[in-house]
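>>> the sequence isn't on hand, but the structure is:
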């Protein structure tokens, strides 16, 4: 089974195995924890089995509970089936459910709080308002009733008291995107609290972000796909999938582009979950026009301006990664003078105010003129640039590792950075032109 085929096109059992694998491999559930279900058009419910290793599930392990109540499969259905069934009975619009115990969301459940999704720009719209279900015994009909009552209020995401979280979706892709975005919001808040005090966007700021998105570029009438263009498409997909697997990008946010020739470039689309990105989804931008029938990233205008004004930049990644975003939601400074590699790869990382990435704002372009390849946009994203796409991704990894080290070190002492003379020595060796 190809993990990067469109999830929605696969059989319910294959979809469940694919998504539980993503959750498990990212460390967001345990071997025995969590369950996923889908209700199909016939009213049959497909659900993960009880007592089977989540790290090695196969489609043949997935259980089917028929509409008439009969059970098909070689295992027992998840013990939490009662609340899945109760939700489907209560909410016919919900077609898929994810229940898991990711540590960040469990942290909120055990202190009995709900994450404020205004921490990042897209989370409010993806997650919607968050419900809260009081404690009941796992697997009990009482728990099913309690959770269903919350979903009956219109919620699509619920924090379960001293338990974890449960989320619904119009399909499994929708549910997973909501799960991943809510979990990312929770981690960003927790890491932010480690190094400072998280700051949240107002509803007006989020509305302003949505309202400033520029009109679509006009369409090209004729499009060609020579071999070098196709190669870059494959490179972009590979980097996006790699970023998702490593937790450097989530389904609901992330843009990658690569210069093709002159100022023409290729860019990821909007409204395609990043895990499911395929080569044919990539959008070609040529002569300031887009490939027909496709909708490129909402940040296309910014990528276009960067390529037009910076001939040395050939690739751009705009994403959200958890430790970098901890600095993106607080006043804490990301000082990458931690180890020599961090400064060599990144030099100084600027932090820009929310709104500096809106159309007509050129602060990002001014920072890039200084030669700094990475910057953080408050409550929105980290932007990294480079020559080759792999180099740009490497810089993203180094930036995230540096941020992680700083967050982890906050509990044991203050950073003792490489001093100015040591930085100057690095500059002379690695950037001799800048030292002339």
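Nice, I can see it. Values in this document were obtained by computation on a predicted structure and should not be read as measured data.
>>> just want the most central residue of this structure.
Centroid-nearest residue in the chain, with C-alpha atoms, centre = their mean: residue 250, separated by 1.4 Å.
>>> what separation do you get for that one and residue 201?
In this view, residue 250 and residue 201 are 17 Å apart by C-beta to C-beta, to the nearest Å. All C-beta spots, glycine's among them, are computed from the backbone N, C-alpha and C.
>>> again, but for residue 127
Separation of residue 127 from residue 201 (C-beta to C-beta) stands at 14 Å.
>>> from the chain's centre, how far out does the longest helix seen in the chain sit?
In the chain, taking DSSP state H as the definition, the longest helix is helix 172-195. Put simply, helix 172-195 sits 8 Å off its chain's centre (C-alpha atoms, centre = their mean, to the nearest Å).
>>> can you tell me which helices and strands the next helix or strand after that helix packs against?
Sequence-wise, the next helix or strand downstream of helix 172-195 (DSSP states H and E) is helix 203-211. Packed against helix 203-211 by the contact rule (3 or more C-beta pairs under 8 Å, 6 or more residues apart in numbering; DSSP states H and E) you find helix 123-127.
>>> any idea which helix or strand comes after the helix it packs on?
Where DSSP H and E defines the elements, the next helix or strand beyond helix 123-127 is strand 130-133.
>>> quick one: distance of the helix or strand just after that following strand to the chain centre.
Later in the chain than strand 130-133, the nearest helix or strand by DSSP H and E is helix 141-151. Centre-to-centre, helix 141-151 and its host chain are 29 Å apart (C-alpha atoms, centre = their mean).
>>> and the contacts of the next helix or strand after helix 141-151?
Counting by DSSP H and E, the element after helix 141-151 in chain order, helix or strand, is strand 157-160. If you take C-beta atoms under 8 Å, 6 or more residues apart in numbering as the criterion, strand 157-160 is touched by 105, 108-109, 113-115, 127-128, 130-133, 135, 147, 150-151, 165-168, 178-179, 182.
>>> are any of those residues buried, and which?
Burial by neighbour count, 16 or more other C-beta atoms under 10 Å: within the contacts of strand 157-160 this picks out 105, 108-109, 114-115, 127-128, 130-131, 133, 147, 150-151, 165-168, 178-179, 182.
>>> before we move on, back to that, pretty sure the residue nearest to the centre of the chain is touching residue 320, no?
Yes - using C-beta atoms under 8 Å, residue 250 is in contact with residue 320, at 6.4 Å.
>>> any idea how this protein splits into domains?
Per automatic domain parsing, the structural domains of the chain span 7-195, 220-435.
>>> and of these, who's closest to residue 208?
For residue 208, the closest of the domains of the chain is domain 220-435, at 7.2 Å, according to C-beta to C-beta.
>>> and the closest one, average pLDDT?
Domain 220-435 shows a mean pLDDT of 94.
>>> for the domains of the chain, give me TSV that also has distance to residue 211.
Listed next are those as TSV, based on distance: least, C-beta to C-beta, whole Å:
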stretch	distance to residue 211
domain 7-195	13
domain 220-435	10
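>>> quick one, which of those domains is nearest to residue 212?
The nearest among the domains of the chain, by C-beta to C-beta, is domain 220-435 at 4.6 Å.
>>> show me how far the closest one is from its chain's centre.
Centroid separation for domain 220-435 versus its chain: 14 Å, with C-alpha atoms, centre = their mean.
>>> same question, stretch 34-50
Chain-centre distance of stretch 34-50: 25 Å, with C-alpha atoms, centre = their mean.
>>> list the buried ones in the helix or strand containing residue 427?
Element membership for residue 427, per DSSP H and E: helix 420-430. By neighbour count with 16+ other C-beta under 10 Å, helix 420-430 contains the buried residues 423, 426-427.
>>> where does the prediction get shaky in the stretch 1-150 of the chain?
Applying pLDDT under 70 to the stretch 1-150 of the chain flags residues 1-5.
>>> how about the helices in it?
For the stretch 1-150 of the chain, helices defined by DSSP state H, counting those that start in this stretch occupy the ranges 12-25, 81-90, 103-111, 123-127, 141-151.
>>> helices or strands up against the shortest one?
It stands for helix 123-127. Packing partners of helix 123-127 (3+ C-beta pairs under 8 Å, 6+ apart): helix 172-195, helix 203-211.
>>> what's the average pLDDT for the longest one?
When pLDDT is averaged over helix 172-195, the result is 97.
>>> quick check: angle from that helix to helix 12-25?
Here helix 172-195 runs at an angle of 10 degrees relative to helix 12-25 (axes from the mean of the first three to the mean of the last three C-alpha atoms, to 10 degrees).
>>> if we can go back for a sec, quickly list what's touching both of residue 250 and residue 320.
Taking C-beta under 8 Å, 6+ apart as the criterion, residue 250 and residue 320 both touch residue 184.
>>> now the angle between helix 172-195 and the strand or helix carrying residue 402, please.
Assigned by DSSP H and E, residue 402 belongs to helix 389-409. Angle of helix 389-409 versus helix 172-195, following the same axes, to 10 degrees, is 50 degrees.
>>> in helix 389-409, what counts as buried?
Across helix 389-409, burial judged by 16+ other C-beta under 10 Å covers 389, 391-393, 395-407.
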